[in-house]
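A.B. asks: turn this into a model:
(one chain, ligands or ions: 2)
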Amino acid sequence: MLTFYNEQHGQHQGRYEIFRGEMVPCFEKAERVDSVLAELGRRGLGQIVTPHGVPLMTLERVHSPRYLQFLRGAWNEWLALDPANAGKDAFPAVWPVRSLRSDIEPDNFCARLGLYSMDSGTPITAGTWTAAKTGADCAVNAAHALRLGERSTFALTRPPGHHAGADFYGGYCFLNNAALAAQHLLDDGARKVAILDIDYHHGNGTQSIFYDRSDVLFVSIHADPRQEYPFYLGHADETGAGAGLGFNVNLPLPHGTGTQAWFAALETACVRLQMYAPEALVVSLGVDTFAGDPLSHFALQSADYLRIGERLAWLGLPTAFVFEGGYAVKELGVNVVNVLEGFET
Ligand code: SP5
Ligand code: ZN
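C.D. replies: Ligands and ions are numbered 1, 2, ... in the order given. Prediction:
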């Protein structure tokens, strides 16, 4: 399996996130990708290549120009507020909820941080833009390689992407790598593409980007939003809108879900994917469904990830895997590479 990797991911180095009134060390850290890279090396799963940079126009196929401009300049604006900010990560503290207006972009930088974000757990740091952009490069290159005839590819990226929408960041995500991969496949000539999101958290960003479209089927297996982040999206009754009606499938599962119930949901997802008959599949590959994950409440075991890969291979689709969440750093490599190896065998 061809892996796209860019060492620039290390430039995104959050120091802390706000959790229950405290600053706690970031769960989403560079060691996550190191763990996967080391395991890829140990198992010799194929070539690892550095992606070509894609033009900003490619990002604008998914994200709004003013959001991209904000994200690109955010760190410099943060420094301009106070030079001492160099030692602190940038966080929002105010948001335009319901009765407030979000159609006027404020001049004030802190107000724009809130306009373009959904939580206070996602730090912007000096290298956030560089890491997110080179991560998106990985995802688009992984998609393009399918068009060139690869059967399967892997975008080993961080920060992750599936919580990021057309014009907002959150949930450790800034650019929606899976959405960019899917959109690139379409722009390169594919007529129908599916995204399967198996991260523990609902991919609210991806869902929102394609909600009213029938050329991208979005299927997600995740923790019930009544109990789990992102809380405000991911319910089973969200089935798409307009031309997209019927092309959004949410399969929420309760805290405590283990192997059997999770694989039953995967079977439902696979039947729907098969019916849609896409030309290619993008998998948002989070492994925070693992029993040992520090953020999550599902109970998949390391061996289960091999079976996930095997099941997805049976779909017989050109498949681009895009790395999302997973925070049990020690086991992360084994769990991710198990999916990829299961797919290959
Ligand atoms: C891509 C991805 O997996 N994003 C997840 C974002 C989750 N954000 C909420 C984190 C809440 C922190 N909970 C700490 C629990 C410690 N026991
Ligand atoms: Zn997650």
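
A.B. asks: name the SS class of Pro283, please.
C.D. replies: Not Pro; residue 283 is Val. Following DSSP: H, G, I helix; E, B strand; the rest coil, Val283 is assigned to strand.

A.B. asks: tell me the bridge partners for it.
C.D. replies: For Val283, the beta-bridge partners under DSSP bridges are Leu196, Phe321.

A.B. asks: what number of residues lie near Glu60?
C.D. replies: 13 (other C-beta atoms under 10 Å). (Glycine included, C-beta is placed from N, CA and C.)

A.B. asks: what residues are up against it?
C.D. replies: Leu68 (C-beta atoms under 8 Å, 6 or more residues apart in numbering).

A.B. asks: just the pLDDT at it, thanks.
C.D. replies: You'll see Glu60 listed with a pLDDT of 99.

A.B. asks: near ligand 2, which residues of the stretch 51-200 of the chain show up?
C.D. replies: Contacts of the stretch 51-200 of the chain with ligand 2, taken as C-beta under 5 Å from the ion, map to 199-200.

A.B. asks: rerun at 8 Å
C.D. replies: Selection of the stretch 51-200 of the chain residues close to ligand 2 by C-beta under 8 Å from the ion yields 160, 162, 171, 199-200.

A.B. asks: and the residue of the stretch 101-250 of the chain found nearest ligand 2, what does it touch?
C.D. replies: Distances between the stretch 101-250 of the chain and ligand 2 by C-beta to the ion are smallest at His201, namely 3.6 Å. For His201, the contacting residues are 162-163, 171, 222-223, 228-230, 286, 288, 325, by C-beta under 8 Å, 6+ apart.

A.B. asks: if you set the cut-off to 10 Å instead, what comes out?
C.D. replies: Contact partners of His201, counting by C-beta atoms under 10 Å, 6 or more residues apart in numbering, are 160, 162-163, 171-173, 220, 222-223, 225, 228-231, 234, 284, 286, 288-289, 295-296, 324-325.

A.B. asks: just Trp262 next, same as before
C.D. replies: With C-beta under 10 Å, 6+ apart, Trp262 has these contacts: 198, 221, 251, 253, 289, 298-300, 304, 308.

A.B. asks: just say helix, strand or coil for it.
C.D. replies: Taking three-state DSSP as the rule, one finds Trp262 in the helix state.

A.B. asks: again with Val339
C.D. replies: Secondary structure, three-state DSSP: Val339 is helix.

A.B. asks: hey, where'd the helices end up in the stretch 51-200 of the chain?
C.D. replies: Here the stretch 51-200 of the chain has its helices, by DSSP state H, counting those that start in this stretch, at 56-59, 65-81, 109-115, 128-147, 177-187.

A.B. asks: out of these, which is the most enclosed?
C.D. replies: helix 177-187 (a mean of 27; mean count of other C-beta atoms under 10 Å).

A.B. asks: hey, C-alpha coordinates of that helix in PDB?
C.D. replies: Taking C-alpha atoms only, helix 177-187 is exported to PDB below (Å, rounded to 0.1, in the frame of the first residue of the first chain):
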ATOM      1  CA  ASN A 177      -8.600  15.800   4.500                       C
ATOM      2  CA  ALA A 178     -11.200  13.100   3.700                       C
ATOM      3  CA  ALA A 179     -13.600  15.600   2.000                       C
ATOM      4  CA  LEU A 180     -10.700  17.000   0.000                       C
ATOM      5  CA  ALA A 181      -9.800  13.500  -1.100                       C
ATOM      6  CA  ALA A 182     -13.400  12.700  -2.200                       C
ATOM      7  CA  GLN A 183     -13.800  16.100  -4.000                       C
ATOM      8  CA  HIS A 184     -10.500  15.600  -5.800                       C
ATOM      9  CA  LEU A 185     -11.700  12.200  -7.100                       C
ATOM     10  CA  LEU A 186     -14.800  13.800  -8.500                       C
ATOM     11  CA  ASP A 187     -12.900  16.700 -10.000                       C
END
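
A.B. asks: what angle sits between that helix and helix 128-147?
C.D. replies: Going by axes from the mean of the first three to the mean of the last three C-alpha atoms, to 10 degrees, helix 177-187 is angled at 40 degrees with respect to helix 128-147.

A.B. asks: show the average pLDDT along helix 177-187.
C.D. replies: Rounded mean pLDDT across helix 177-187 is 99.

A.B. asks: which of the contacts of Trp262 are buried? Put it as a ChimeraX command.
C.D. replies: Restricted to buried positions by 16 or more other C-beta atoms under 10 Å, the ChimeraX selection for these reads:
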select :198,221,251,253,289,298,299,300,304,308
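
A.B. asks: so which of the contacts of Trp262 would you say is closest to ligand 2?
C.D. replies: Nearest to ligand 2 among the contacts of Trp262 is Thr289, at 8.5 Å by C-beta to the ion.

A.B. asks: report the contact partners of the closest one.
C.D. replies: Per C-beta under 10 Å, 6+ apart, neighbours of Thr289: 198-201, 221-223, 253, 257-259, 262, 296-300, 304-305, 308, 325-326, 335.

A.B. asks: which pLDDT does the model give it?
C.D. replies: In this prediction, Thr289 carries a pLDDT score of 99.

A.B. asks: phi, psi for it please.
C.D. replies: Torsion angles at Thr289 (phi, psi; degrees, to the nearest 10) stand at phi -80, psi -10.
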